[in-house]
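>>> here's my sequence, what's the structure:
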Amino acid sequence: MDPILNPYAPGAGSPPPELAGRDEVRAKMRLCIERLRRGKPAKSMMLVGLRGVGKTVLLDQMMKDAEGSGVVTIRIEAPEGRSLPAVLAPQLRIGLLKLSRMEQAKDVAIRGLRALAGFVGKMKLTFNDVEVGLDYEPEPGLADNGDLEGDLTMLLEQVGAAAHAAGTLVAIFIDELQYVPEKQLAALTSALHRCAQLQLPLVVVGAGLPQLRGRMGEAKSYSERLFDFPIIGPLDATDAADAIVKPAHDEGVGVDNEAVNLIIGFTKGYPYFLQEWGKHAWDVAASSPITRQDVETASVEAVAALDESFFRVRFDRLTPAEKKYLRAMAELGAGPHRSGDIAAKLGRESSSLGPLRSSLIAKGMIWSPTHGDTAFTVPLFDEFMKRIIPTADWDPTEA
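The predicted structure follows:
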């Protein structure tokens, strides 16, 4: 079939043609926004889930939903190696400039820009990576004390006050939040807590790997009372079928039930993998409908594509010792696994592997569902590890 018309969209953060199975969490966000806009209490939200479940896509759709209701939105990604102030401050400037163009909020928003100038001046000295164009001189004593928690609280108070004066709400969307250091997470949580106490119309919607919930709790003990933590997981059979069938149907192409069921079986319902299998099944099929045979043929190419992109990009960031640890996990199966079992597979003591395990957690490759357990953050990574390091080439005792 014509590849130009192929509707499926495998890619990092690429929106699928059919965002199936996420209506409930989107509705919950809309309710939160409308309550805050009316001065009523509502929790901010943290989307947590494994790689490939569509957290980024959902975060971006929720941002579009918010913008459609007149909300001022800010969108950042928290990359490794940069501070939260470095990525947040430029976007806060843009948001405050938008608010300053609204006559009823102009003066309050300008004071927010003065707070931002003071905040940036101090944070430059602390983090050495904050570069923001400034529009106003700082106001002495306003968000310029050099304490991240206190200064960020003052700054977000001013942002929330400007939104209130404008009769709107500011929503801050943050992806990959698990990479933010604990002290900075604590500062963000504390600032948001204060805005909630003052009933200011400001909300944070974050997304991150499953360890984010625990990290938020470690940063501030009251985090679970301040945020909802919806778990974004694989789609159930009905929603997964919709994600495959509806895009094809919109292009006038059918998909046999057997083909759909086989795709769901291969992908375990993970949205990214559904898009990958859908794309290759479409390209393989000669005509409508897409059949089971098409899917079986396409699976070879789908797995190869995942190995070269989705999986390989993560594998290549690993040290030889880290690869060895993950290969031992894979030998045990999909997981989660007891840390002692992994150590035994490697012929080591668990205590000696602590730094290695911590490094893999910091890189977002594994997480701990419960104390002493270890699991992959990337679905189907155990199968990939066995393909990339076949049993014949793997010696767990090799230095």
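
>>> burial count for the residue lying closest to R213 once chain neighbours are set aside?
Of all residues not flanking R213 in the chain, F229 sits nearest, at 5.0 Å (CB to CB, 6 or more residues apart in numbering). C-beta here means a position set from N, CA and C on the backbone, and glycine is covered the same way. Neighbour count for F229, taken as other CB atoms under 10 Å: 18.

>>> also E131?
10.

>>> does it touch A86 like I think?
Yes - with contacts counted by CB atoms under 8 Å, E131 reaches A86, the gap being 7.5 Å.

>>> picking up where we left off before, surely the residue nearest to R213 and Q211 touch.
No - with contacts counted by CB under 8 Å, F229 stays clear of Q211, the gap being 11.7 Å.

>>> what distance do you get for the closest residue to P201 other than its chain neighbours to L188?
Distances taken as CB to CB, 6+ apart place L169 nearest to P201, at 3.9 Å, with adjacent residues excluded. According to CB to CB, to the nearest Å, L169 stands 18 Å off from L188.

>>> E258 and P289 touch, don't they?
No - assessed by CB under 8 Å, E258 is found out of contact with P289, at 10.2 Å.

>>> tell me the SS of L262?
Recorded secondary structure, L262: helix (DSSP: H, G, I helix; E, B strand; the rest coil).

>>> for it, which non-adjacent residue is spatially closest?
Nearest residue to L262, sequence neighbours excluded (CB to CB, 6+ apart): V295, at 4.7 Å.

>>> so who does the one you found touch?
V295 sits next to 259, 262-263, 266, 277, 281 when contact means CB atoms under 8 Å, 6 or more residues apart in numbering.

>>> in a helix, it, correct?
Yes - counting by three-state DSSP, V295 is located in a helix.

>>> show me what the mean pLDDT comes to for the longest helix along the chain.
Once the chain is assigned using DSSP state H, the helix that runs over the most residues is helix 106-127. The average pLDDT within helix 106-127 is 95.

>>> quick one: the residue nearest to P201 and R38 touch, right?
No - contact criterion CB under 8 Å: L169 and R38 do not qualify, at 9.8 Å.

>>> which one of these two has more residues nearby?
Set L169 next to R38 and count neighbours by other CB under 10 Å: L169 wins out with 25 against 11.

>>> measure the more buried one to A162 for me?
Separation of L169 from A162 (CB to CB): 11 Å.

>>> give the other helices and strands that the longest helix of the chain contacts.
Identification of packing neighbours for helix 106-127 by 3 or more CB pairs under 8 Å, 6 or more residues apart in numbering; DSSP states H and E yields helix 84-100, helix 148-166.
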